[in-house]
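1. fold the following for me, if possible:
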Amino acid sequence: MDGKTGQKDQAMEEEELQGVKVLVIDDSKTIRRSAENLLSKEGCAVITATDGFDALAKIADSRPEIIFVDIMMPRLDGYQTCALIKQNSEFKTTPVVMLSSKDGLFDKAKGRIVGSDQYITKPFSKEELLGTIKTLVQ
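-> Here you go, the predicted structure:
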């Protein structure tokens with residue numbers, strides 16, 4: 001592949017994600033900030049929330065096209081948050097991706113039961129986040 005083709009591919013990728021509304025729910029400021037930085041650079045409109053309660057209000061207001069939710073959070077955990085999102089008729093088709101530092105089969109299965117569309121283990125890479133958005137949003 002020559003240099004021009006690589007640049008063209010990258011420009012097309014950036015265009016694909018331009019303006020995609022992404023909600024990142026995580027009680028870790030570091031995770032929220034790193035996801036926001038990665039996704040903003042690709043043209044995504046990023047909304048962040050510190051927990052499930054914070055997220056539910058923001059979902060109704062901002063109508064994200066994809067939601068990344070941490071499993072282990074205070075008050076309302078990721079499973080409960082995902083279940084509430086998927087039970088709402090307006091948002092049941094919105095892709096929800098579970099984020100967890102655990103890579104266990106049980107956690108993945110529980111995520112599927114509450115309706116999550118995918119599961120990413122932290123720490124995640126830029127490629128994992130972008131690939132997931134491209135797969136589930138477009």
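
2. which other helices and strands does the helix or strand containing residue 136 contact?
-> Per DSSP states H and E, residue 136 falls inside helix 126-137. Contacts defined by 3 or more CB pairs under 8 Å, 6 or more residues apart in numbering; DSSP states H and E place helix 126-137 against helix 3-17, helix 29-41, strand 66-70, strand 118-121. Heads up, the C-betas are built off the backbone N, CA and C, glycines and all.

3. ok, of the ones you listed, where does mean pLDDT dip lowest?
-> In terms of mean pLDDT, the lowest-scoring of those is helix 3-17 (a mean of 54).

4. tell me the angle the helix or strand just after that one makes with helix 126-137.
-> Downstream of helix 3-17, the first helix or strand assigned by DSSP H and E is strand 21-25. Interaxial angle of strand 21-25 relative to helix 126-137 (axes from the mean of the first three to the mean of the last three CA atoms, to 10 degrees): 120 degrees.

5. ok, strand 21-25: who's next to it in the sheet?
-> strand 45-49 (parallel), strand 66-70 (parallel) (DSSP bridges).

6. quick one: average pLDDT of the first one?
-> Over the span of strand 45-49, the pLDDT mean works out to 98.
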